[in-house]
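[1] structural data only, the sequence is not supplied:
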């Protein structure tokens, strides 16, 4: 059959990214407790297109992703991008994959368990120069305002916030561990199921540990930096204020992204990731 995509294009304009966007697909991830977790991702897959070609082969993105979706460990995502480059004869390939990650979480006093959902994502690229991989978790927390507590005769305003932690890969890590770091850095963590004794405990704990957004990002930064595992990471916090019609926001990052590290592969595992 005629392959129209491979026709020559006389406009001579190279395209940096072309591919499929918003693909909803079941995937399998590693799970610290259950070994594997099945969830559903929203996936974007792209490659560059040389100036002389009319179009890319969209179906090949899906074919390659379907091959790798049963093991979306971080090294395998890079292998997937390498195969996309090969299949499409492209110089570069990109993906971002967004998915809910589920953890069975016990309430602090009653011990009753329920499933907690966290939004997580991968962002990766691969070219002749090397590859880049960022993993991220978005974690809800509660914060009590230190200023409100200090100036009020009784009580203090509090709010729910979202903290986004992104890390560039060094050694292997678990999503559960990154999520735990964030949850320990707010005034209190959140739960899906709470009984009255749990609510009392959380309310009193949060009041005893007030945090600005500035406090939250600094606490997360110190904990992640102490691991000495990630060449680059960033922390972003947004509080959906309860007494203001706007959010409070803070961002901090460890800036070593310009450093180029060699890529080492052994026993089928990618140990170190190259940053651009």
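    Okay, I see it. These numbers were taken from a predicted model, which means no experiment stands behind them.
[2] which residues touch the longest strand along the chain?
    Among the elements of the chain assigned as strand by DSSP state E, the one spanning the most residues is strand 15-31. Counting contacts by CB atoms under 8 Å, 6 or more residues apart in numbering, the residues outside strand 15-31 that touch it are 36-49, 55-56, 58, 61-62, 65-66, 69-73, 94, 97, 99, 101, 174-175. In short, each C-beta sits where N, CA and C put it, glycine included.
[3] moving C-terminal of it, what's the next helix or strand?
    strand 35-49 (DSSP states H and E).
[4] and for that next one, what are the contacting residues?
    Residues beyond strand 35-49 that count as contacts (CB under 8 Å, 6+ apart) turn out to be 14-31, 55-56, 61, 64-65, 72, 84-85, 88, 90-102.
[5] any idea of the angle that strand forms with strand 15-31?
    Between the axis of strand 35-49 and that of strand 15-31 there is an angle of 170 degrees, by axes from the mean of the first three to the mean of the last three CA atoms, to 10 degrees.
[6] out of the contacts of strand 15-31, which are buried?
    Among the contacts of strand 15-31, those classed as buried by 16 or more other CB atoms under 10 Å are 37, 39, 41, 43-49, 56, 61, 65, 69, 71-72, 94, 97, 99, 101, 175.
[7] quick one, strands of the protein?
    Residue ranges of the strands in the chain, as given by DSSP E, are 15-31, 35-49, 92-106, 113-127, 130-144, 158-168, 188-189, 233-240, 247-254, 265-266, 269-270.
[8] circling back to that earlier point, next one: the longest strand of the chain to chain centre, how far?
    Once both centres are worked out by CA atoms, centre = their mean, to the nearest Å, strand 15-31 turns out to sit 14 Å from its chain's centre.
[9] which stretches of the stretch 101-250 of the chain aren't confidently modelled?
    Along the stretch 101-250 of the chain, segments meeting pLDDT under 70 are nowhere present.
[10] buried ones among the contacts of strand 35-49?
    Among the contacts of strand 35-49, those buried by neighbour count (16+ other CB under 10 Å) are 15, 18-20, 27, 29, 31, 56, 61, 64-65, 72, 84-85, 88, 90, 92-97, 99, 101.
[11] quick check: bridge partners of the nearest residue to residue 58 once chain neighbours are set aside?
    Nearest-residue entry for residue 58: residue 20, 5.8 Å, with adjacent residues in sequence omitted and distances by CB to CB, 6 or more residues apart in numbering. The partner list for residue 20 in beta bridges (DSSP bridges) reads residue 45.
[12] kindly report the same for residue 40.
    With DSSP bridges as the criterion, the beta-bridge partners of residue 40 are residue 26.
[13] what number of residues lie near residue 116?
    By the criterion of other CB atoms under 10 Å, residue 116 has 19 neighbours.
[14] that one is in contact with residue 105, isn't it?
    Yes. Contact between residue 116 and residue 105 holds when scored by CB atoms under 8 Å: they sit 4.4 Å apart.
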